[in-house]
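Chemist: curious how this folds, go ahead:
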Amino acid sequence: MDSRGFILIEVLTGLFFTGLVAVTCLPILSTAAYQLKLAKDKTDMVYMAESVIEEIKSFDDSLKKDDEYIYDIRLADLIEKLKEEDSVSIQLPLNMKPNNPEHMCIISKNYVDTDLWKIQVKILLAKEGKGIRDVEVMAYMPIPQDDQALDGD
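Modeler: Below you'll find the predicted structure:
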């Protein structure tokens, strides 16, 4: 008869310690998983900004490719818009709708020298409140030459 009381106390003590471990460990694990998701989102944003910069820098006007796009604009059209003015800022995607990607991209170009542009790509979250700051990548690049300018040399 005495062993039943001890088994009850052992079961209750085991449940108490299991609950204590669960109460302390689950919030820590949940927070760690959330922080890993934020780090992944931030890494994706950096990758996206660097990809946009590299696509702009590697643009070759002699290879007219109609299948190169950045968000919803052809790369050739984007380069033409960048060539039009000394200082320009373009926000992509052009038509911001609820079904569009969760990131917005702002491409800014400043004229530095006769042969040099300063390109800044800023990636923003379309939805606020995630705890992630915007990502901004800057690069200097030579001004892309037209086919006519190359033929004239």
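Chemist: so where's this protein uncertain?
Modeler: 1-2, 4, 63-66, 94-101, 128-129, 146-153 (pLDDT under 70).
Chemist: and residue 127, that's in a strand?
Modeler: No: counting by DSSP: H, G, I helix; E, B strand; the rest coil, residue 127 is not found in a strand; it is coil.
Chemist: surely residue 31 is in a strand?
Modeler: No: Residue 31 sits outside any strand when classified using three-state DSSP, being helix.
Chemist: could you pull out the strands in the protein for me?
Modeler: 69-70, 73-74, 87-92, 103-113, 116-125, 135-142 (DSSP state E).
Chemist: partners of the longest one, with directions?
Modeler: In the sheet containing strand 103-113, the strands it pairs with under DSSP bridges are strand 87-92 (antiparallel), strand 116-125 (antiparallel).
Chemist: do the same with the last one
Modeler: Paired neighbours of strand 135-142 in the sheet (DSSP bridges): strand 116-125 (antiparallel).
Chemist: separation between residue 57 and residue 36?
Modeler: In this structure, residue 57 and residue 36 are 31 Å apart, going by CB to CB, to the nearest Å. (Each C-beta comes from the backbone N, C-alpha and C, glycine too.)
Chemist: who has more neighbours, these two?
Modeler: residue 57 (14 against 10; other CB atoms under 10 Å).
Chemist: would you quantify the distance from the more buried one to residue 105?
Modeler: Applying CB to CB, the value for residue 57 to residue 105 is 15 Å.
Chemist: for residue 47, same thing?
Modeler: Residue 47 is 12 Å from residue 105, by CB to CB.
Chemist: do residue 77 as well
Modeler: Taking CB to CB, one finds residue 77 at 15 Å from residue 105.
Chemist: those two: which is more packed in?
Modeler: When residue 77 and residue 105 are compared on other CB under 10 Å, the one with more neighbours turns out to be residue 105, at 20 against 11.
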